[in-house]
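Engineer: with the input below, show me the fold.
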Amino acid sequence: MVSIDGSVFIQIINFIVLIWVLNMVLYRPIRNILLQRREKVAGLEGNIETASGQMKEKDEAFSRGIKEARSRGLREKESLIKEGEAEEKEIVGRINEKAQAELAQVKQKIAKEAEEVKDSLMGEVDAFASDIGQKILGRAV
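Structural biologist: Sure thing, here's the model as predicted:
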């Protein structure tokens with residue numbers, strides 16, 4: 001049979017002191033370390049969320065910048081094409097004017113030369129007619 005004497009109370013006090021010592025020496029530092037770790041992880045998660053939000057904002061800003069740059073580039077390209085077409089029309093117009101002027105000069109020169117040839121031939125027509133008449137008739141006319 002088990003008899004309850006004063007040693008049971010000593011054992012209970014010993015157990016309580018042991019729990020208190022273990023709590024002070026072992027459990028409380030471990031709980032503090034776990035609490036610090038939890039706070040650190042929570043802080044890191046907050047930093048991750050903040051960085052993720054900033055990354056999304058920067059990505060959106062970058063995408064907007066790219067779209068704006070593309071549209072601005074297309075506008076500049078179209079304006080350069082229009083300027084080039086206008087310059088091309090101007091150059092072609094000048095070339096056409098120059099070609100028309102040269103063509104008019106050539107036509108005028110040809111007409112002048114033709115008139116000179118006609119005048120010289122008209123002067124020699126009488127001589128040719130009399131030579132032909134002599135050859136056909138066989139005598140001087």
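Engineer: can you tell me the centre-most residue of this protein?
Structural biologist: Central residue check for the chain by Cα atoms, centre = their mean: the C-alpha nearest the mean position is that of residue 70, 4.9 Å away.
Engineer: mind naming the longest helix for this protein?
Structural biologist: Identified as the longest helix of the chain according to DSSP state H is helix 28-137.
Engineer: now it, how far from the chain's geometric center?
Structural biologist: Shown here is helix 28-137, whose average C-alpha point lies 17 Å from the average C-alpha point of the whole chain (Cα atoms, centre = their mean, to the nearest Å).
Engineer: gap between residue 19 and residue 7?
Structural biologist: 18 Å (Cβ to Cβ, to the nearest Å). For the C-beta atoms, the positions are set from N, CA and C on the backbone; glycine is no exception.
Engineer: and if you look at residue 69?
Structural biologist: Residue 69 sits 88 Å away from residue 7, taking Cβ to Cβ as the criterion.
Engineer: one step back: now do the residue nearest to the centre of the chain, the pLDDT please.
Structural biologist: Per-residue confidence at residue 70 stands at 96 (pLDDT).
Engineer: average pLDDT for stretch 73-88, rounded please.
Structural biologist: Stretch 73-88 shows a mean pLDDT of 96 in the predicted model.
Engineer: could you do stretch 23-35 as well?
Structural biologist: The predicted confidence, averaged over stretch 23-35, sits at 93.
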